[in-house]
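Engineer: I would like to see how this sequence folds:
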Amino acid sequence: MPAFQRHAVVAGAGIGGLTAAVALHRRGWRVTVCERAAGPSAVGAGIVLAPNALRAFATIGFDITGGADRTVPAAMGLRRPDGRWLSRADTAALAARYGGPPLALHRSALAEALAAALPAGSIRYGVAVTSVDDADGSPVVRTGAGDLDGADVVLAADGIHSPLRRQYFPDHPGLHHSGETAWRTVLPAAAGRAETWTAETWGRGERFGVVPLADGRIYVYATAVALEGHRPADVRAELLRRFGSWHDPIPALLERIDPEAVLQHDLYDLAAPLPRFHHGRLAWLGDAAHAMTPNLGQGGCQAVEDAVVLAHLLDGTGTGGVPAALAAYSAARCARTDAIRVRARRAGRVAALTHPLAVALRDLAVRATPARAAHRALDDIFDGFTLPAGRGGAPTGVGTRW
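Structural biologist: Residues are numbered from 1 along each chain as shown. Down below sits the predicted model:
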């Protein structure tokens, strides 16, 4: 172990925070992750990791499959409520174009794998970061369990409602409600024919998604145009009312839902981009930096990219070089993440159309778009992960793709 070991404090043990902790740990940093939740939870939803996130993981040597049947290919198709396919994703074509297809897994499985890659005791559960004092260039992390000082860098991965974002950007307008709410749950494996297609069905102001997982469980989600704060008294009845007449297997899946295991969240993104993702020795990542709606499936993927780029730029810096590395991180990440945030918002507006004529024209446009053209439209996202040159063993040149 080196005589001097740099120390990073990470606020939040979500996908972005844990990825950053793993990436820094593998570069010789000591990491302390503070998580407000009392402990890891198996409750949650699925996640689909696009090729850009998989490449980012590969750069830090993290194998999300872990040599086990943890993931399953998850190329997305689109259907209408009557079951007619609007488009079918070509898994082989995606794999050929991007080096592999998107992979689906349970969020808790990914979090567990990342946590297992950290030294014991690195994650402090039940410890919420309330503020960070970085006035003199020596951060003091305030938590409900006491102060942490001596950190070389503090990473704010504290989620969409980030207290640290509000602390350092008090004039930012905050979150923008998309006009939709979403329900998510994971159904246990059941006997009989298993679903093999990952598909999203688009109706009028409503969507329903089915994502099979590797262990036979099924991740299902639904969205609907709804007033902010809408919470039905009977979740299953609400979902059956909205989606119970849609194509198979949706009605049967709804009958299997455990209302207590359904997560409901209104969908938000940032109303405007942050001016930067850093302040002194403090950096923001993931939803804390660039919250976006899930319409492109890039929220978690961009958090993974953030974490890997951060660790890459911090690698090889002495304590005096941390602020410059974080400034380089802002320069590398702000434009890309905001472009995807805006694109996700626009995609959501199209998917949430309610007027019958607009919906018919939308569906016709989707059906008329060749698969190759649809893939090309994703190139800048799926094939756009880059590591800035200049630090810690960067590949050749600025913007080299991995």
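
Engineer: can you give me the helices for the stretch 151-300 of the chain?
Structural biologist: Taking DSSP state H, counting those that start in this stretch to define them, one finds helices in the stretch 151-300 of the chain at 163-168, 235-243, 250-255, 287-290, 299-314.

Engineer: show me what secondary structure element comes after the longest one.
Structural biologist: Same thing as helix 299-314. Sequence-wise, the next helix or strand downstream of helix 299-314 (DSSP states H and E) is helix 322-351.

Engineer: between that following helix and helix 299-314, how many degrees?
Structural biologist: For the pair helix 322-351 and helix 299-314, the angle between their directions (axes from the mean of the first three to the mean of the last three Cα atoms, to 10 degrees) equals 160 degrees.

Engineer: what does the next helix-or-strand element following helix 322-351 rub up against?
Structural biologist: Read in the C-terminal direction, the helix or strand following helix 322-351 is helix 356-368, with elements assigned using DSSP H and E. Residues outside helix 356-368 that contact it (Cβ atoms under 8 Å, 6 or more residues apart in numbering): 78, 80, 86-87, 202-204, 350, 353. Quick note: C-beta positions are derived from backbone N, CA and C, even for glycine.

Engineer: cutoff 7 Å now
Structural biologist: Under the criterion Cβ atoms under 7 Å, 6 or more residues apart in numbering, residues 78, 80, 86-87, 204, 350, 353 lie in contact with helix 356-368.

Engineer: which of those are buried, as a PyMOL select command?
Structural biologist: Once 16 or more other Cβ atoms under 10 Å is used to decide burial, the buried members of these can be selected in PyMOL as follows:
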select buried, resi 78+80+86+87+353
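
Engineer: and the two most separated of the contacts of helix 356-368?
Structural biologist: Distance extremes for the contacts of helix 356-368: the farthest pair is 87 and 204 at 18.4 Å, using Cβ to Cβ.

Engineer: on that earlier part again, of the helices of the stretch 151-300 of the chain, which is nearest residue 26?
Structural biologist: Distances from residue 26 to each of the helices of the stretch 151-300 of the chain were compared by Cβ to Cβ, and the smallest falls on helix 299-314, at 7.9 Å.

Engineer: could you say what helices and strands that closest one packs with?
Structural biologist: helix 15-25, helix 51-59, helix 287-290, helix 322-351 (3 or more Cβ pairs under 7 Å, 6 or more residues apart in numbering; DSSP states H and E).

Engineer: my guess is residue 30 meets residue 7, correct?
Structural biologist: Yes. Counting by Cβ atoms under 7 Å, residue 7 is a contact partner of residue 30 at 4.7 Å.

Engineer: residue 176 and residue 270: what is the separation?
Structural biologist: Taking Cβ to Cβ, to the nearest Å as the measure, residue 176 and residue 270 are separated by 7 Å.

Engineer: between the two, which one's more packed in?
Structural biologist: Between residue 176 and residue 270, counted using other Cβ atoms under 10 Å, residue 270 has the larger neighbour count: 23 against 15.

Engineer: any idea how far that one lies from residue 339?
Structural biologist: Distance of residue 270 to residue 339, computed by Cβ to Cβ: 13 Å.

Engineer: and if you look at residue 357?
Structural biologist: Counting by Cβ to Cβ - residue 357 and residue 339 are separated by 30 Å.

Engineer: between these two, who's got more neighbours?
Structural biologist: Neighbours were tallied for residue 357 and for residue 339 using other Cβ under 10 Å; the higher tally belongs to residue 339 (15 against 8).

Engineer: what ranges do the helices span in the stretch 1-150 of the chain?
Structural biologist: With DSSP H, counting those that start in this stretch as the criterion, the stretch 1-150 of the chain has helices at 15-25, 51-59, 91-98, 107-116.

Engineer: so which bits of the last one are buried?
Structural biologist: Read it as helix 107-116. Neighbour-count burial for helix 107-116 flags 107-115 (criterion: 16+ other Cβ under 10 Å).

Engineer: dump these to a markdown table, plus distance to residue 281 and pLDDT.
Structural biologist: Conversion of the buried residues of helix 107-116 to a markdown table gives the following (distance: Cβ to Cβ, whole Å; pLDDT from 0 to 100):
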| residue | distance to residue 281 | pLDDT |
| --- | --- | --- |
| 107 | 29 | 94 |
| 108 | 31 | 93 |
| 109 | 33 | 93 |
| 110 | 28 | 95 |
| 111 | 26 | 95 |
| 112 | 30 | 95 |
| 113 | 29 | 95 |
| 114 | 23 | 97 |
| 115 | 25 | 97 |
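
Engineer: out of these, who's nearest residue 69?
Structural biologist: Top of the list for closeness to residue 69, among these and by Cβ to Cβ, is residue 109 at 10.6 Å.

Engineer: tell me how far that closest one lies from residue 128.
Structural biologist: For residue 109, the distance to residue 128 equals 25 Å [Cβ to Cβ].

Engineer: one more: residue 274?
Structural biologist: When Cβ to Cβ is applied, the distance between residue 274 and residue 128 equals 22 Å.

Engineer: more neighbours: which of the two?
Structural biologist: When neighbours are counted by other Cβ under 10 Å, residue 274 and residue 128 differ, and residue 274 comes out ahead with 19 against 16.

Engineer: my guess is the more buried one contacts residue 169. True?
Structural biologist: Yes. Using Cβ under 7 Å, residue 274 makes contact with residue 169 at a distance of 6.1 Å.

Engineer: point to the residue nearest the middle of the chain.
Structural biologist: Computing the C-alpha centroid of the chain and ranking residues by Cα atoms, centre = their mean puts residue 300 first, at 1.2 Å.

Engineer: was I right about that residue contacting residue 45?
Structural biologist: No. At 10.5 Å, residue 300 does not count as touching residue 45 under the criterion of Cβ under 7 Å.

Engineer: circling back to that earlier point, for the residue nearest to the centre of the chain, give me its contacts.
Structural biologist: By Cβ under 7 Å, 6+ apart, the contact set of residue 300 is 15, 47.

Engineer: show the pLDDT at it.
Structural biologist: Model confidence at residue 300, given as pLDDT, is 97.

Engineer: check residue 40 too.
Structural biologist: With respect to pLDDT, residue 40 scores 88.

Engineer: appreciated, that's everything.
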